[in-house]
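Participant: quick one, what's the 3D model for this:
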Amino acid sequence: MSPERFAPIRAAFGPEALGRPVRVRGWVLRSRSSGGILFVVLRDRTGSVQVTGRRDVLGEAAFEAAEHVQAEGAIEVEGLVAEDRRAPGGREVRASAIRVVDAGQPFPIFADQTEEFRLDKRHLVVRSPEHVATFRVKAELLRALREFLEREEVLETTPPILSGNAAEGGAEAFQIDYFGRPGYLSQTAQLYLEALLFPNERVYALTPSFRAEKSRTPRHLTEYLHLEVELAWCDLAGLLEFEERMVVGAARALAERCAEELAVLGRPPDELRALAAPFPRLRYAEAIDRLAAQGFPVRWGSDLGTAEERALTVEERSPVFVTHFPKELKAFYMLRSPDDPRTVEAADLLAPEGYGEMIGGSCRETDVDRLAERLRASGASVPEYEWYLDLRRHGSVPHAGFGLGVERMLRWILRREHIRETTPFPRTPSRHTP
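Facilitator: All right, here's what the predicted structure looks like:
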């Protein structure tokens, strides 16, 4: 069978395909044999189709070889497309020839296995229909976000992953030996994006970020995909409006492009299509009052953890902004609020239905002395950040930015119980293989 003559499986469902010969190839989802007829469900990247093969048509040797192909074995098929209402999709390929590419060994993944075993075998588990659908939705989410940023004339840039600065605090940074000097895996590209902001005004990066947090919650990974944006001439109100447009646009794009995958995963597209701005806004002080009234042991200065964020949003059907946090809770580069020196011009966007924070953003401090003061208060070495302080000495302007955790956003969109289901090979405090 000549490779250039194979058709994608979806071609078998085209309007002109009935009664015509076709050559397809792929992997066996499942198969059964009645002794004289073989039934195979074959998949490729475009879909799946039932293949039937008769012993008297295929020949004894070819039939027996095909009969012994395991789940996830690979075959090539030549035959006619026929209608069969009992088959998935209402069509099948009636094979005149089947060639076994790789019969495979018995596939070790099946229902009711422990989560740890499935994580050990993640390289095989990713073949499941749920994971295939998940990562296709993720690809479309990334495409939709990039399309939005292109429309907004935000330039994609490529900041480094290795850094000499622990941007948001050494305790959560993975430190490495960088040729005898301390180095860090990037927690955020923000500082570099700010450098790239001044010649370009609007910039973004999509990079992996690393957090050495020993958090074992359904929303934490030690490595995740981080979309970060920096916008010149932007205040907090403008930043929140930008984030709203982006989230609404991406959700609606997925509803239009991924209806089939969303159906597999149990998320009705109409729910994403109905998302609309503006999102509710809640000041940190109001959030603390609300949580205290619900019995949470919180007060001014308390951080909002998984349980608190869930309580604030579990009944919501739209994301919620929590704004104006105490400056002690946030990073050194956040702008002090002009109306309350205790707080910073920052906002976290919490996903609805209790899924927690998915975007963190703020206006950036432009005063060199205040930045140095905050750095010293955090225990950082000010001289190591001289390059960053330089940005405020040469044409600084008001600006703001945010970071979006792609896997966190996808977890909400797909209603996944755990964030590890939104990345092919999750990295957690207890796992960095396979």
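
Participant: Glu256: what secondary structure?
Facilitator: At Glu256 the chain is in helix, as set by DSSP: H, G, I helix; E, B strand; the rest coil.

Participant: which residues touch it?
Facilitator: Pro269, Arg273 (C-beta atoms under 8 Å, 6 or more residues apart in numbering). Heads up, the C-betas are built off the backbone N, CA and C, glycines and all.

Participant: same check, this time on the one 10 residues further on
Facilitator: The neighbours of Gly266, taking C-beta under 8 Å, 6+ apart as the test, are Arg415.

Participant: now do the one 4 residues further on
Facilitator: By C-beta under 8 Å, 6+ apart, Asp270 lies in contact with Ala255.

Participant: does it count as helix, strand or coil?
Facilitator: helix.

Participant: so what's it scoring on pLDDT?
Facilitator: Model confidence at Asp270, given as pLDDT, is 97.

Participant: how near is it to Ala133?
Facilitator: For Asp270, the distance to Ala133 (C-beta to C-beta, to the nearest Å) stands at 18 Å.

Participant: likewise Gly354?
Facilitator: Gly354 sits 23 Å away from Ala133, going by C-beta to C-beta.

Participant: give the buried residues for stretch 316-324.
Facilitator: Ser318, Pro319, Val320, Phe321, Val322, Thr323, His324 (16 or more other C-beta atoms under 10 Å).

Participant: correction: stretch 5-24
Facilitator: Neighbour-count burial for stretch 5-24, counted by 16+ other C-beta under 10 Å, picks out Phe6, Ala7, Ile9, Arg10, Ala11, Ala12, Ala17, Val22, Arg23, Val24.

Participant: restricted to helices, list those residues.
Facilitator: Among those, no member falls in helices (DSSP state H).

Participant: which among these gets closest to Ala189?
Facilitator: Arg10 (38.4 Å; C-beta to C-beta).

Participant: contacting residues for the closest one?
Facilitator: Thr46, Gly47.

Participant: again, but for Met358
Facilitator: Pro319, Leu349, Leu350, Ala351, Leu404, Gly405, Arg408, Met409, Trp412.

Participant: Arg122 too?
Facilitator: Arg122 neighbours (C-beta under 8 Å, 6+ apart): Pro424, Phe425, Pro426, Pro434.

Participant: most surrounded residue in the residues you listed?
Facilitator: When neighbours are counted by other C-beta atoms under 10 Å, Pro426 leads the contacts of Arg122 with 19 neighbours.

Participant: does that residue touch Ile419 like I think?
Facilitator: Yes: under the criterion of C-beta atoms under 8 Å, Pro426 makes contact with Ile419 at 7.4 Å.

Participant: okay, and the common contacts of these two?
Facilitator: Joint contacts of Pro426 and Ile419 (C-beta under 8 Å, 6+ apart) are Leu221.
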